[in-house]
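**Q** Sequence and predicted model, in that order:
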Amino acid sequence: MMALSATSVTATVLPVKTIPGTYGLPLLGPLKDRLDYFWFQGPNTFFKDRMEKYKSTVYRTNMPPTFPFFPNVNPNVVAVLDCNSFSTLFDMTLVEKKNVLVGDFMPSVKYTGNIRVLAYLDPSEPQHSSVKSFAINILKRSSDVWVSEFVKSVNAMFDTVEKGVTSDGSSSFLVPLQKCIFRFLTKSLFGADPETRPEIDEGGFVMLDKWLALQLLPTVKIGVLQPLEEIFLHSFAYPFGLVSGGYNKLYKFVEEEGKNVIEIGTKEYNLTKEETIHNLLFVLGFNAFGGFSVFLPTLISTIGRDKTGLQKKLREEVRKKKGVLNFETVKDMELVRSTVYEVLRLNPPVELQYARARKDFVLSSHESAFEIRKGELLCGYQTLAMRDPKVFESPDEFIPDRFTKEKGRELLNYLFWSNGPQTGTPSTGNKQCAAKDYVVLTAALLVAELFTRYDEFRVDDSALTITSLVKAVGIEEK
C-alpha cells in the first residue's frame, strides 16, 4: 500500500492532546534515561520503545548529558519523531537555534577561540547573517577547484587502498579517506595546501578527529565496556587543553596559508581575523570534515555490501556519461543521486537535531496536535523521523531508486539531513547547511569515480575494509 503523503495529513484538523511521557523524579529520572540511552538500550531502542509505549511520535523524555556532573544542563526535552513534527525544528518563526547544536549542553567556547561560531548562532542574532553569508561566499569561490581537488585526492586514496588489497588481500579505507577529505577541503575552502606542511598533511585529520571527539563525548554512545564508558566518557566535559596543541597548529596553518580567504572575511563581511579563522576551522572540522567522515564511509560500505545488483546498475549509469566527470554530469545520474539520498535517509550524518521554542505554539504530528510552551527544548531523532511509515514505504529497507522519478522527487521534501528539507535553500534566515548541494554532488562524484575506475568492489560486513577490487578494462596499473 502506498504511504500517505505528509501534506495530506496536516491538511486535516487535528485534536489537541497532552504530550505523553514523563521526566521522572529529579536526578533519578534523568539518570535512568541516561543509562537507558547509553547502556541498557542504545539510542535507537531508547526512542523507539518510548514511542511504542506512549503510542505517540511526540513525547517527553530526558536526554544526556545529565546528573551528576552537568548541573547547568536541563535534560528535559520533547521528542519529535515523525516527518510532520520533525519539520518544526527548521521553522525559524517557531523555534530558535541559539546554543542548542547538541541540546542544552554546549561545549566550552575555548574549543573555538572563545567565540560563538556560526553553528551556535540563531538567525535572529546580527552576527549570524555576516558569518553565514561569508560561508556561502567561500563555498561559491571554491567551486572552481572543488571538483578537481576532490578527484585528485580520491585517486590518491584509491591508489593507497589498491596497494593494500594487492599486498594484504584487504585494506581499511577509513584513514585514506579521511586524508583525502582533509586535503581536498583545505585546498578548496582556504586555498591552503597541507602538503607544504608535512605535520599538517599527515596528522591534520587526526587533530580534527580529537578536537571533535572531546567536544561531543558526553553526548555520544561509543560502545566500549560498561560501566567504564559511563564513568569516564559520559560524566565530564573535557577541557580544551587536551587538544589545544593540535588546534593551535591548525589555526596557524589557516592563518598563514589562507590569507586570501581571511581577507574576504575581514574586509567584505566585517569579521575580525579571529572570528574568520575560528569559523573557518569549525566549518572545516565540524561541518565538512566531520560530516563527510561519517557519511562517505557509510556510503561506500552500503554499496560495497549490496548483493542485489546495484553495483551493475550504478556502473552502467556512470559509464553512459562520456568525458570528464564533474557536478554537471553527476546531476544527470538519477540512480547515483538517489542512492546518495537513500543512504542519507537511513544513516544521517547527524542523528539528533535540537531547537528551542521561540514562543508558545501548537506542534502537529500526523494524528495529533500538542501545545508547546516558549523555552521548551525539542529533540528530533532523525534516524526514526526519516523512517516515517506514513511518508516512506518500507521505511527500514534500503531502496536505492526510492528518490527517482516524479514520486521520488516529491519525497525530497521530507529528507531533512541538512538541517532543513533537501528541497530547501540555505540562506541567512535559516540554519540549513550552506554546503547542502555540495555534499550530495560530491558523494555522487565519489560513486561515479568508483565505477569509472572499478567494475565492482566488496566491503567486509564487519569493518570499513575493502576486500576486493575489480579494475575496469582499460585502467592501467599504477
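**A** Yep, that arrived.
**Q** low pLDDT regions in the stretch 351-478 of the chain?
**A** Applying pLDDT under 70 to the stretch 351-478 of the chain flags the ranges 474-478.
**Q** which residues in it form strands?
**A** Residue ranges of the strands in the stretch 351-478 of the chain, as given by DSSP state E, counting those that start in this stretch, are 352-357, 361-364, 369-372, 377-381, 454-459, 465-471.
**Q** Let's have the ones you listed in JSON lines, adding mean neighbour count and distance to Pro15.
**A** Any C-beta I mention is one placed from the backbone N, CA and C, and that applies to glycine too. As requested, the strands of the stretch 351-478 of the chain are exported to JSON lines (neighbours: other CB atoms under 10 Å; distance: least, CB to CB, whole Å):
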{"stretch": "strand 352-357", "mean neighbour count": "21", "distance to Pro15": "21"}
{"stretch": "strand 361-364", "mean neighbour count": "18", "distance to Pro15": "10"}
{"stretch": "strand 369-372", "mean neighbour count": "19", "distance to Pro15": "7"}
{"stretch": "strand 377-381", "mean neighbour count": "23", "distance to Pro15": "20"}
{"stretch": "strand 454-459", "mean neighbour count": "19", "distance to Pro15": "48"}
{"stretch": "strand 465-471", "mean neighbour count": "17", "distance to Pro15": "52"}
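**Q** Adding distance to Thr272, write these out as TSV.
**A** Output for the strands of the stretch 351-478 of the chain, formatted as TSV (distance: least, CB to CB, whole Å):
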stretch	distance to Thr272
strand 352-357	28
strand 361-364	37
strand 369-372	37
strand 377-381	31
strand 454-459	45
strand 465-471	45
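**Q** Determine which of those strands approaches Arg141 most closely.
**A** Set against Arg141 and scored by CB to CB, the strands of the stretch 351-478 of the chain come closest in strand 352-357, at 28.6 Å.
**Q** which helices and strands does the closest one pack with?
**A** Helices and strands in packing contact with strand 352-357 are listed as strand 95-96, strand 377-381; criterion 3 or more CB pairs under 8 Å, 6 or more residues apart in numbering; DSSP states H and E.
**Q** now the ones you listed in CSV, with distance to Leu214?
**A** Listed next are the helices and strands packed on strand 352-357 as CSV, based on distance: least, CB to CB, whole Å:
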stretch, distance to Leu214
strand 95-96, 27
strand 377-381, 22
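**Q** mind listing what's buried in stretch 84-96?
**A** If you call a residue buried by 16 or more other CB atoms under 10 Å, then stretch 84-96 has these buried ones: 84-90, 92, 94-96.
**Q** my bad, stretch 202-209
**A** Residues of stretch 202-209 classed as buried under the neighbour-count rule (16+ other CB under 10 Å) are 203-205, 207-209.
**Q** Of all the strands of the stretch 351-478 of the chain, which one comes closest to Lys431?
**A** strand 352-357 (8.6 Å).
**Q** And the contacts of the closest one?
**A** Contacting residues not belonging to strand 352-357 are listed as 63, 77, 86, 88-90, 94-98, 100-103, 219, 372-382, 416, 419 [CB atoms under 8 Å, 6 or more residues apart in numbering].
**Q** With stretch 27-44 instead?
**A** Here stretch 27-44 has contacts from 22-24, 46, 49, 61-68, 75-76, 221, 226-227, 229-230, 234, 351, 381, 383-384, using CB under 8 Å, 6+ apart.
**Q** Average pLDDT for it, rounded please.
**A** Model confidence over stretch 27-44 averages 95 on the pLDDT scale.
**Q** quick revisit: what about the contacts of stretch 27-44, which are in helices?
**A** Among the contacts of stretch 27-44, the members falling in helices (DSSP state H) are 46, 49, 229-230, 383-384.
**Q** mind putting these in CSV, neighbour count and distance to Ile277 included?
**A** As requested, these are exported to CSV (neighbours: other CB atoms under 10 Å; distance: CB to CB, whole Å):
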residue, neighbour count, distance to Ile277
Phe46, 21, 38
Asp49, 12, 44
Glu229, 17, 34
Glu230, 14, 36
Thr383, 18, 34
Leu384, 21, 38
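**Q** possible to save those residues as TSV with distance to Asp122?
**A** Output for the ones in helices among the contacts of stretch 27-44, formatted as TSV (distance: CB to CB, whole Å):
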residue	distance to Asp122
Phe46	28
Asp49	33
Glu229	33
Glu230	32
Thr383	25
Leu384	26
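**Q** Looking at those, which is nearest Leu412?
**A** Ranking the ones in helices among the contacts of stretch 27-44 by separation from Leu412, with CB to CB as the measure, puts Thr383 on top at 18.1 Å.
**Q** Please look at the closest one and Glu351 and confirm they touch.
**A** Yes - with the criterion set as CB atoms under 8 Å, Thr383 and Glu351 qualify as a contacting pair; they are 5.3 Å apart.
**Q** Could you check how far the most centrally placed residue in the chain is from Leu450?
**A** Compute the mean C-alpha point of the chain, and by CA atoms, centre = their mean the closest residue is Pro349, 3.0 Å away. In this view, Pro349 and Leu450 are 19 Å apart by CB to CB, to the nearest Å.
**Q** swap in Phe67?
**A** The separation that Phe67 has from Leu450, given CB to CB, amounts to 47 Å.
**Q** And the two? Which one has more around it.
**A** Using other CB atoms under 10 Å as the criterion, Phe67 and Leu450 rank with Leu450 on top: 23 against 18.
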